[in-house]
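[1] sequence and computational prediction follow.
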2 protein chains.
Amino acid sequence: MNGHRMSAEMAEQPERLRALIARTDEVEATVQSIAPRPLRGVTLVARGSSDHAAVYGRYLLEQATGKPISLAAPSLHTLYGVRADYEGQLAIAISQSGRTPEIVTTLRRLCDAGARGLAITNDGTSEIAQAARGVIELGVGEERAVPATKTVTAQLAAFAQIAGALGDAPFSRGELEAVPKWVQQVLDDPQPAEAAAEALVDAPHLIVVARGFLYGAALETALKIKETCSILADGYSSADLRHGPIAAVTRDFPVIAISAPGPAADDVLDLVAELRRRGARTLLISPDEEADIPLPQGMPETLAPIVAVVRGQQVARALALALELDPDSPPGLSKVTVT
Amino acid sequence: MNGHRMSAEMAEQPERLRALIARTDEVEATVQSIAPRPLRGVTLVARGSSDHAAVYGRYLLEQATGKPISLAAPSLHTLYGVRADYEGQLAIAISQSGRTPEIVTTLRRLCDAGARGLAITNDGTSEIAQAARGVIELGVGEERAVPATKTVTAQLAAFAQIAGALGDAPFSRGELEAVPKWVQQVLDDPQPAEAAAEALVDAPHLIVVARGFLYGAALETALKIKETCSILADGYSSADLRHGPIAAVTRDFPVIAISAPGPAADDVLDLVAELRRRGARTLLISPDEEADIPLPQGMPETLAPIVAVVRGQQVARALALALELDPDSPPGLSKVTVT
């Protein structure tokens, strides 16, 4: 059956998240044992869905530590042979398989340049785990569908744990422990995502917008739709969209917006109103009453991305099925990408 | 006449670049007088086209200094009130007008947190210039067309100057001084870009790919097309494209690829071959003989982005005219964006 594996792996998420979050003290101890003191900054190394977890991590870790957080440009280390000085940096590499060659090479180079290496991976014996000084094993089990789902929510949760280990996390332990329940609520309510997919079935392309902590969820939702539906879907920060790209949003242009109550909400909701005035077809993912695709009430904005990406998975899977595609095995993609 | 202002401002670029590059010693002295010692890293603050100059700067400055370079997430400073510690950081804010509120606020916050501030702007009396300890005035004169052109090439050249000030620039002074001549060669040869525009006139959307130093030029070319032609165009690193988004590249999908001889060329040309096998319509901007849109011979890859974005400007302008749009004043855009 089309989409069977993806669906089964999506359904595992509450249980996998619960198991990972139960190990929070252990994860914090690992991170604290390897983080440089003083910590000068954090560099994140990833591609694809893992890179979207890193975008979320970038906001969380800068909020928690106050230090500059950067996303590595792997080609500088794999192609251009930069002579780096990463003394005082924590380098966090994120890879489901732990085998993406350029991620492994980049982590090695950063460690050679003085960084302390931490790996977030589903395989604690992988090359990336061996290259790092410490490992956060996601423990989500084998992921067989090509589009990453349970891996991504676990990576996002791991960043929440790392934020708590390095500084003041912008959420409580109790709120983190409630994440599996919120994910379950979303999984138990697939109908709004299916209705959204029906509304998008003739879309030649679309964009997904969010801001701040939810920006990574917009990027991930866009990627899931590209991967499973073979249509161009791009994620934007609402601020970036206003700096030019909004010109491309003409009448009937499909836009998915993701929002949650918090400092970024006004900006996203203002943008949605502006896009509606331009005649765009907007679908709002949010805990607001007028949302097309609801999110649970009461989540802090800083944890909402973990739950919002599950809405994105549902929309992508439902849209692929409506397009008579198999989201488990998109044409021309494989599970481990060699770059 | 549609596109008259944009065309006139594009034509000024060789002369504006020559004047800026003639001030390289002065720019280097400014940068050296304010850069922290020791320099722990550089943080770049920008949106829109300026952000694409920053992406180029990110590669150049990390290559020149070996230190971690990050692109700021402005919302952390303008919305979330992060308590930052940016001691030892050089913070470079890039804004044509110098008045984009969130860029000004973010620069101020980073300076309050210990960073030394440098502004790259066209207005040396602007708020961003006042917030910074040092200023690189681009001196390109008023820019009246909404799509930034001469500002962008000057911003890119400014980053080349900053790289030389902070470390070992990956090009010679003589090569930098040759940039205006290469830009003139492109401007004197508009026909290939016009032919490309004809080939793209029915495109519902497109993507632009490059890698490494040229990645910023791909982002900027995509933005110029979105702004002037009101069609969805997105820029990708060739490595990122393979991590999922390639699934959206189906038969007849239009792709512009940008390449120049250097460490990243093989990866981009391999991707072009792969996309052609998938039936994509590819247009190659490169100094290669088989390029659809040629670039001058003999440029170092590290300076090629300054010239390649001019090809992107030509394609965007020609495509807008072919679509009977006025690239000078795209609907719903203004010159200064408030976010």
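    In hand now; what should we look at? Not measured: the values here are computed from a predicted model.

[2] only C-alpha atoms for contact and neighbour calcs from this point on.
    Will do.

[3] can you name the residues that contact A:Ala84?
    By Cα atoms under 8 Å, 6 or more residues apart in numbering or on different chains, the contact list for A:Ala84 reads A:110, A:113, B:62, B:65-67.

[4] for it, which three-state class applies?
    Following DSSP: H, G, I helix; E, B strand; the rest coil, we place A:Ala84 in the coil state.

[5] before we move on, back to that, make a markdown table out of the contacts of A:Ala84 and add neighbour count.
    A markdown table is the format used below for the contacts of A:Ala84 (neighbours: other Cα atoms under 10 Å in any protein chain shown):
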| residue | neighbour count |
| --- | --- |
| A:Leu110 | 26 |
| A:Ala113 | 18 |
| B:Glu62 | 24 |
| B:Thr65 | 24 |
| B:Gly66 | 20 |
| B:Lys67 | 20 |
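
[6] quick check: residues of the stretch 151-300 of chain A near chain B?
    Residues of the stretch 151-300 of chain A found near chain B (Cα under 8 Å from any Cα of the partner chain) are A:204-205, A:211-212, A:223, A:226-232, A:234, A:239-240, A:242-250, A:263-264.

[7] now with 6 Å, please.
    Counting by Cα under 6 Å from any Cα of the partner chain, the stretch 151-300 of chain A comes close to chain B at A:212, A:226-227, A:230-232, A:239, A:243-245, A:247-248, A:263.

[8] next one: the stretch 1-150 of chain A
    So the stretch 1-150 of chain A meets chain B at A:48, A:63, A:66-67, A:70, A:75, A:79, A:82-85 (Cα under 6 Å from any Cα).

[9] apply 8 Å and report the result again.
    Checking the stretch 1-150 of chain A against chain B by Cα under 8 Å from any Cα, the hits are A:40, A:43, A:47-48, A:59, A:62-63, A:65-71, A:73, A:75-76, A:79-80, A:82-86.

[10] for chain A, which spans come out with low pLDDT?
    Scanning chain A with the threshold set as pLDDT under 70 gives A:336-339.

[11] mind doing that once more with 50?
    The model of chain A has no residue with pLDDT under 50.

[12] strands along the stretch 1-150 of chain A, start to end?
    A:41-45, A:69-71, A:89-95, A:116-121, A:134-137 (DSSP state E, counting those that start in this stretch).

[13] for the residue nearest to A:Leu71 when sequence neighbours are not counted, which residues are in contact?
    What sits nearest to A:Leu71 in space, not counting adjacent residues and going by Cα to Cα, 6 or more residues apart in numbering or on different chains, is A:Leu44, at 4.8 Å. With contact set as Cα under 8 Å, 6+ apart, A:Leu44 has these partners: A:54, A:58, A:69-72, A:91-94.

[14] what bridges to A:Leu44?
    Listed beta-bridge partners, A:Leu44: A:Leu71, A:Ile92 (assigned using DSSP bridges).

[15] sorry, back to before: hmm, which two among the residues of the stretch 151-300 of chain A next to chain B are most spread apart?
    A:Ser230 and A:Pro263 (33.8 Å; Cα to Cα).

[16] which two from the contacts of A:Ala84 end up farthest apart in space?
    Top of the distance list for those (Cα to Cα): A:Leu110 and B:Thr65, 14.2 Å.

[17] one step back: for the contacts of A:Ala84, which one is nearest A:Gln184?
    A:Leu110 (38.2 Å).

[18] nearest spatial neighbour of the closest one, chain-adjacent residues omitted?
    Spatially, and ignoring its direct neighbours in sequence, A:Leu110 is nearest to A:Tyr86 (6.4 Å; Cα to Cα, 6+ apart).

[19] quick one: neighbours of that neighbour, just the number.
    Residues lying near A:Tyr86 (other Cα atoms under 10 Å in any protein chain shown) number 25.

[20] now do the contacts for it.
    A:110-111, A:113-115, B:66-68.

[21] how many other residues sit next to the residue nearest to A:Gly134 when sequence neighbours are not counted?
    Nearest residue to A:Gly134, sequence neighbours excluded (Cα to Cα, 6+ apart): A:Leu118, at 4.9 Å. Neighbours of A:Leu118 under the rule other Cα under 10 Å: 27.

[22] with A:Leu76 instead?
    Residue crowding around A:Leu76 was assessed by other Cα under 10 Å; the count is 22.

[23] what of A:Gln161?
    26.

[24] now the host helix or strand of it: how far from the chain's centre is it?
    Applying DSSP states H and E as the criterion places A:Gln161 in helix A:150-166. The chain centroid and the centroid of helix A:150-166 are separated by 10 Å under Cα atoms, centre = their mean, to the nearest Å.

[25] same question, stretch A:141-154
    12 Å.

[26] which one of A:Ser230 and A:Pro263 has more residues nearby?
    A:Ser230 (25 against 18).

[27] quick check on the more buried one: phi, psi?
    In terms of degrees, to the nearest 10, the main-chain angles of A:Ser230 are phi 50, psi 40.

[28] for A:Arg37, same thing?
    Residue torsions, per degrees, to the nearest 10, at A:Arg37 are phi -130, psi 120.

[29] ok, it - how many residues close by?
    Residues near A:Arg37, counting by other Cα under 10 Å, number 10.

[30] for A:Leu214, same thing?
    A:Leu214, neighbours per other Cα under 10 Å, totals 29.

[31] do you know how far A:Ala316 is from chain B?
    As judged by Cα to the nearest Cα, to the nearest Å, A:Ala316 and chain B stand 13 Å apart.

[32] what helix or strand is that residue located in?
    Assessed by DSSP H and E, A:Ala316 sits inside helix A:304-322.

[33] and that helix, what does it pack against?
    If you count contacts as 3 or more Cα pairs under 8 Å, 6 or more residues apart in numbering or on different chains; DSSP states H and E, helix A:304-322 packs onto helix A:4-11, helix A:150-166, helix A:173-187, helix A:191-200, helix A:215-229.
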